[in-house]
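# predicted model and sequence below, questions to follow.
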Amino acid sequence: MTTALTGRAPLVFALRRLGSRPEIILGAILTLVLGFLVITPLAEALRDAFTYQPYDLAYRRDAEVGAFTLFHFERIFTGQLSLALFYRPFLNSLIVGVGVTAIAIVVGTALAWLMIRTDLPGRSFFGFLAVVPYMMPSWVLALAWLSLFRNSRYGGGEGMVTYFFDIEPPNWFSYGMLPIVICLALHYYAYAFLLMGGAMESVDSELEEAGATSGISKFRRLILITVPLLLPALGSAIVMTFIRVLGTFGTPALLGLPVRFFTFSTQIYAALKSRNAGDGFVLALVLVVMAILFIQINSRIVGVRKSFVTLTGKGFRRRPVRLGGWRWPLVGMVSLFMVIVVAFPLMILAWESLMLKANDYSLGNLTLHFWIGGATESLQTGDPGILNNPRIHEALWNSLKLGISASIFNGLLGLLVGYAIVRGRGSLMAKALEAISFAPYIFPSIALGAIYIGIFAQSYGPIPALYGTFALLILITVVKNLPFTARTGVAAMHQIDKSLEETARVQGIGWFRRMWQIILPMSRSGVVAGMLLTFISAMRELSLIVLLVTPTTMVLPGLIYGYQEQNQPQHSGAVSLLLVIIIFIVNGLVRLTTGQSFSSRKKPDAERAERAVAH
Amino acid sequence: MEEIKLRGVAKAYGRAPAVRDLDLTVSPGEFLTILGPSGCGKTTTLRIVAGLEDPDRGQVQLGSRLVFCRDQGILVPPEHRQLGLIFQSYALWPHMTVTKNITLALKEKRLPADEISRRLDDALERVQLGSMRERYPSELSGGQQQRVAVARLIALKPSILLMDEPLSNLDAVLRTEMRGELRRLHQDLRATTIYVTHDQVEALTLSDTIVVMNDGIVEQRATPYDIYHRPETLFVAEFIGDPRINRLDGRLTGDGRVEFGDFALGLGRDPSSKSGIIAGAVRPETISFSQSEKPGAIRVTIDSIQPTGSQTILHTSGPAGRYTVLQSGFVRAKPGDPAWIAFDPEAFNFFDPSTGRRLDA
Ligand SMILES: Nc1ncnc2c1ncn2[C@@H]1O[C@H](COP(=O)(O)OP(=O)(O)O)[C@@H](O)[C@H]1O
Ligand SMILES: [Mg+2]
């Protein structure tokens, strides 16, 4: 060997070695790209919060844009306006968050217990119904509430209750804290139901049986075995609900803004809409800090979040608890609940969409105009019915584009991230990637949207200015759903024994072919689950994109919010229905076409992806 | 047929060494078995040969090709080493039919279609699975799955074959049957083979050469006969053989005799120049056993009797030691009965108890 070669040898070797470990190259690329997408926005938001923004010049003539300042913090925490800007919304968000979480957890857990542990008649049907809210936008209930209980004092005219019974509901009942908590709780119970149900199903096995055979009493078995086994799931259900509620925008906006009831999310929206970015970022940061603190406190209380619960599934079932005389009363109650939560709101929306004149609920007022009619100047603002309305068609097309492209990107990312994490297990890169892909989970949606405005308003590094582009909507949707798809990808990858890929490798099959022929087909159901979750979330999500949409990039949820703001209940009702129907259809189609996979009975449902992140 | 050559190969996971300073040469066409207790580094060695694991030091050469040498910047990834590997788990792709499992790699090599179907037919016929081509692995029994894994290799025709405990998932009957199958695979392919196992019966029945590994190093490399009869170390002596070899600690008297607790042996040879403590090892079947008194025999008491039909394992104890005896035939006795045993000095192997290494006259 010549000395020249020996001198280069270590480098050559290092490169070849890297070349023979695709998971490291892949992991490094993913870590860099995702790190950029997740960490820089946070850094940018921090910077903007601590420096003067153009908007601030109105208050501080001498300020230099970009110079360091605590101005925003002073304004928000100690200034004259701090009560309205910060403390009241903070308190409101906290109360709403805690209240909704408490109710949702109790309701969700009780339902899960009924469906999984008891002999409730029709429980599998109810079990299916119970997760339907998951496929609906969270603010559908708020729309229904307004239709029912609106009073004439704040725009929009009287609601059904006033129309039919001639009772005008008081403000505290029609708007503000109470209806917000109720509407959100009746939506978010579905998440608790999913998580607790999943845990109950898999816990339902040997451990408890072991307890039974070793002669521990029924009650002590519950306390000693069942509860500790369910605690981790309970912990994640609490955290998940709380963070989602903190970040939700639609319901607090629809039910709160008419009476100037602000939560953090609506306050952030107001700040950013009035171009007061600095304040908005401070509030968004506080929201992120609240989420992190909550996770910390919760994990202290619930303890180390070990995943006792395996995801692998429907274990065998014990003999169900007999409800006895309670059977039929409980069926009645559960049916009523499902009607209130699922059927009723959709029916009200349908009704709203069929009214010629708003606020007139008489049968004679029914029309199909807002579905199939053309542009009629005298009716509403002259917007044509949804089937002839180019604005709606465009928003629908945009929504579908967003859902489809985000879910394709996310499916791919979930697969690749899962692969890089599982194959690189133990390396620093894998740990970094795991942390980064989980990070968006702790960003309440509205805060993430606010932060993304901040960073992508101008060109940033290699990325051009994205504000107002469709790409930004796709980007934020992908990032926000990354924790779910990544976790699902990891779970799917764990099911694939390493030797299956190594065999292929030794037989001379290259990396791309291995991914295509072996890894992808074997993790298909997990990947599809992640994609479906992303699709649903992209279609129904308002909080995430409400700050980012522009008239040219309008999507259905944004359009609905706009109609509601402009007092066009027929349009908002019709479009909401359309949205829900599309989600139902896609969900059904995906389940039908990909249900039977070769080896596992596991269906690629979004619920699975939802659960994956909680462990 | 290609040679496999490892020189100075070492690999540690974190700070725990799995393989230390391994030199190993497998001659072209040889069937070599790496035998050792669980955790001794067998799988690691095999994975290093396959390229699935990079050693920290050393060289790996396959045929005339150097496939790993850090100092020269050489690293050939597994997909270019052109070898065959059978895992303990068979590693059949569950989402592909038997046919697809066998032909995937052939298609990847862009072999002509008629060549592929010829190899497929041939391989399936060889393992007698012709009627199972369209089945999925989950629809096959364990033995059939194993045979698909074998057929996959037959079709691929590698010149080097690596197997990692391929029989350990099978039941006893199938195991015997598949042993023959694997030996046949080796002969058909005439591939240089490394077979990894912790089962000494597999090693003794299958191999041309056995390498006994312990704690990351090679204890001995020899033919099955020599491994059994002339163990190089105490570890090998005690690891090989069922029932276990008898280990007796004795003292050299300096006049060509060894004194053990219950008896002394005149060796007519002196296993060591200096007198001192010595470890003797003697296989149970070389001890002669009698239930009536014999001149020169040592009187022992029978502790337990395990007849297996054609032979009987007896655990006995004398005044100063315990001895395991393997006697052919069905011995009828009960615990507590007296018996007489005698040793053949030629059957003894001697070791230095401090180093564990063999001592020869
Ligand atoms: N991927 C790994 N990470 C850490 N330690 C390992 C890994 N693989 C093997 N080891 C350790 O290396 C030693 C040798 O393992 P292995 O080669 O699998 O042994 P064998 O196949 O002989 O049972 C063992 O102590 C084992 O715990
Ligand atoms: Mg092993």
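That came in fine, so what should we check first? Ligands and ions are numbered 1, 2, ... in the order given.
# how far away is the closest residue to residue A:92 other than its chain neighbours from ligand 1?
Spatial nearest neighbour of residue A:92, excluding adjacent residues (CB to CB, 6 or more residues apart in numbering or on different chains): residue A:263 at 4.8 Å. Every C-beta, even on glycine, is put in place using the N, C-alpha and C of the backbone. Distance, residue A:263 to ligand 1, using CB to the nearest ligand atom, to the nearest Å: 50 Å.
# what about residue B:301, how many neighbours?
Neighbour count of residue B:301, defined by other CB atoms under 10 Å in any protein chain shown: 14.
# shouldn't it be within a helix?
No. Using DSSP: H, G, I helix; E, B strand; the rest coil, the assignment for residue B:301 is strand, not a helix.
# from residue B:313, how far out is it?
Per CB to CB, to the nearest Å, residue B:301 is found 16 Å from residue B:313.
# do the same with residue A:110
64 Å.
# ok, the two, which is more surrounded?
residue B:313 (18 against 15).
# the residue nearest to residue A:92: neighbour count?
The burial count for residue A:263: 29, using other CB under 10 Å.
# list the contacts of it.
A:89, A:92-93, A:96, A:180, A:252, A:256 (CB atoms under 8 Å, 6 or more residues apart in numbering or on different chains).
# which one of those residues sits in the busiest neighbourhood?
When neighbours are counted as other CB under 10 Å, the busiest of the contacts of residue A:263 turns out to be residue A:252, with 31 neighbours.
# from memory that one sits against residue A:180, does it?
Yes. The pair residue A:252 / residue A:180 is scored as a contact, 5.5 Å apart, by CB atoms under 8 Å.
# so what sits against both of these two?
Joint contacts of residue A:252 and residue A:180 (CB under 8 Å, 6+ apart) are A:96, A:261, A:263.
# which element is the closest residue to residue A:420 other than its chain neighbours on?
Nearest in space to residue A:420, with sequence neighbours left out and distances taken as CB to CB, 6+ apart, is residue A:27 at 3.6 Å. Using DSSP states H and E, the element containing residue A:27 is helix A:22-50.
# what helices and strands are in contact with that helix?
Helix A:22-50 sits against helix A:3-19, helix A:71-73, helix A:277-302, helix A:390-423, helix A:428-438, helix A:445-456, helix A:470-494, with contacts defined as 3 or more CB pairs under 8 Å, 6 or more residues apart in numbering or on different chains; DSSP states H and E.
# which of those helices sits most buried?
helix A:445-456 (a mean of 27; mean count of other CB atoms under 10 Å in any protein chain shown).
# orientation of it relative to helix A:470-494 in degrees?
Relative orientation of helix A:445-456 versus helix A:470-494 (axes from the mean of the first three to the mean of the last three CA atoms, to 10 degrees): 120 degrees.
# for the stretch 151-300 of chain B, which residue gets nearest to chain A?
residue B:156 (6.2 Å; CB to the nearest CB).
# list the contacts of that residue.
Applying CB under 8 Å, 6+ apart, the residues near residue B:156 are A:507, B:84, B:105-106.
# could I get those residues as TSV with distance to residue A:358, secondary structure and neighbour count?
Shown next, in TSV, are those (distance: CB to CB, whole Å; DSSP: H, G, I helix; E, B strand; the rest coil; neighbours: other CB atoms under 10 Å in any protein chain shown):
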residue	distance to residue A:358	secondary structure	neighbour count
A:507	69	coil	23
B:84	76	strand	27
B:105	68	helix	23
B:106	70	helix	23
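# in stretch B:246-262, what's buried?
B:246-248, B:250, B:252, B:257-258, B:260, B:262 (16 or more other CB atoms under 10 Å in any protein chain shown).
# where does the stretch 201-350 of chain A dip in pLDDT?
A:203-216, A:218, A:221, A:302-319 (pLDDT under 70).
# please enumerate the helices of it.
Ranges of helices within the stretch 201-350 of chain A are A:206-213, A:218-221, A:227-247, A:250-256, A:264-273, A:277-302, A:327-338, A:344-353, based on DSSP state H, counting those that start in this stretch.
# same check, this time on the stretch 51-200 of chain B
Using DSSP H, counting those that start in this stretch, helices in the stretch 51-200 of chain B cover B:98-108, B:113-126, B:142-156, B:172-189, B:200-206.
# least reliable of those helices by average pLDDT, please.
Comparing mean pLDDT over those, the weakest stretch is helix B:172-189, at a mean of 85.
# now do it: which elements does it pack against?
helix B:142-156, strand B:160-164, helix B:200-206.
# now do the shortest one: which elements does it pack against?
Applying 3+ CB pairs under 8 Å, 6+ apart, one finds that strand B:160-164 makes contact with helix B:42-50, strand B:84-86, helix B:172-189, strand B:192-197.
# at 10 Å instead, please
Strand B:160-164 is packed against strand B:31-35, helix B:42-50, strand B:84-86, helix B:142-156, helix B:172-189, strand B:192-197, with contacts defined by 3 or more CB pairs under 10 Å, 6 or more residues apart in numbering or on different chains; DSSP states H and E.
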